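Enquirer: give me coordinates for this.
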Amino acid sequence: MIKELARFIAISSFIIAQNQQEIKLQDVQVEGHIISSPNTIIFTSGLRKGLTISSNEFPRAVKRLWQLGLFDDIQLRYDNETEDGLSLTIVVKESSVLGDVHYEGNRKIRDSKFEEELNLTTGQRIKPNLLHEKIKKVKELYAEKGYLMAEVGAELTDAENELNLFGGKAKGITQDIIFRIKENGKVKLRNIQFKGNETYSDLRLRLAMKETKQQRWYLFWRSTFDQDSSMRTLTMSVSITETKDIATSILFLIQSNTPKTDDIWI
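Expert: You can find the predicted model right below:
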């Protein structure tokens, strides 16, 4: 957010020099709006014609507009300066609007399941981190089914269908999302072996994990692993009830070319 504000605010040296002094707004205009009302933008910013404000109000205005979640870019452009006051323009770039969502390569999870879990709605704004969040969610859904090696990508494309969103105003900024999925094989556990356990015996650790069938061990955690060319690092917490619920963090190292069944050393 701080970086974005630093990039978005473009105020003249006149304003900076004024510091805490009062500035009268002689005129305020809006550019770049497509769906959003200019009156709404001006009202939300708090920068209205005829007001006398301090220079501190300019970054606050940008922050208020940014919090609407409707814009990818916001700038305050200095236009004119006279003895009567300052004229400026609020320049915005509206965020894209979501059209349709497509899924490619998914066989183990149906489109309807993704639609239920991802909460993507036609007409919603596409925020900068949206794709990253939804890719992560898709991977979690596959991990719950044991597909820990599922590869998921997503991209924005021009809208495939003509959608009359916002009375047709959103035609130029409507985009579809395409999820491209490579499910790969299901990871199954053949055997669990412990190494380096000095405090607890193998038997005690196995008893702590007795709720987990070896073929369904992956349900203990959600996949938050970093992909690497040689290995994937997976973290799982096992609760040992016999020792006051001490949570032991276990590091699993699984080669990227893991077959469908493999031994795991703990």
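Enquirer: for the rest of this, base every contact and every neighbour count on C-alpha atoms.
Expert: OK.
Enquirer: list the buried residues in the strand or helix carrying residue 157.
Expert: Secondary structure assignment for residue 157, by DSSP states H and E: strand 151-158. Counting neighbours by 16 or more other C-alpha atoms under 10 Å, one finds that the buried residues in strand 151-158 are 151-154, 156.
Enquirer: and of those residues, the nearest to residue 138?
Expert: Using C-alpha to C-alpha, residue 152 is the member of the buried residues of strand 151-158 that sits closest to residue 138, with 7.3 Å.
Enquirer: surely that closest one is in contact with residue 135?
Expert: Yes - the pair residue 152 / residue 135 is scored as a contact, 6.2 Å apart, by C-alpha atoms under 8 Å.
Enquirer: between the buried residues of strand 151-158, which is nearest residue 98?
Expert: For the buried residues of strand 151-158, the minimum distance to residue 98 (C-alpha to C-alpha) is 9.2 Å, reached by residue 156.
Enquirer: ok, and the closest non-adjacent residue to that closest one?
Expert: Nearest residue to residue 156, sequence neighbours excluded (C-alpha to C-alpha, 6 or more residues apart in numbering): residue 177, at 4.8 Å.
Enquirer: enumerate every residue touching the one you found.
Expert: For residue 177, the contact set (C-alpha atoms under 8 Å, 6 or more residues apart in numbering) comprises 98-102, 154-157.
Enquirer: tell me the pLDDT of it.
Expert: Note for residue 177: predicted pLDDT of 98.
Enquirer: with residue 56 instead?
Expert: 90.
Enquirer: wait, doesn't residue 180 sit right on residue 152?
Expert: Yes - taking contacts as C-alpha under 8 Å, residue 180 lies within contact range of residue 152: 5.9 Å.
Enquirer: now the longest strand along the chain: buried residues?
Expert: Counting by DSSP state E, the longest strand found in the chain is strand 71-82. Residues of strand 71-82 classed as buried: 71-78 (neighbour count, 16+ other C-alpha under 10 Å).
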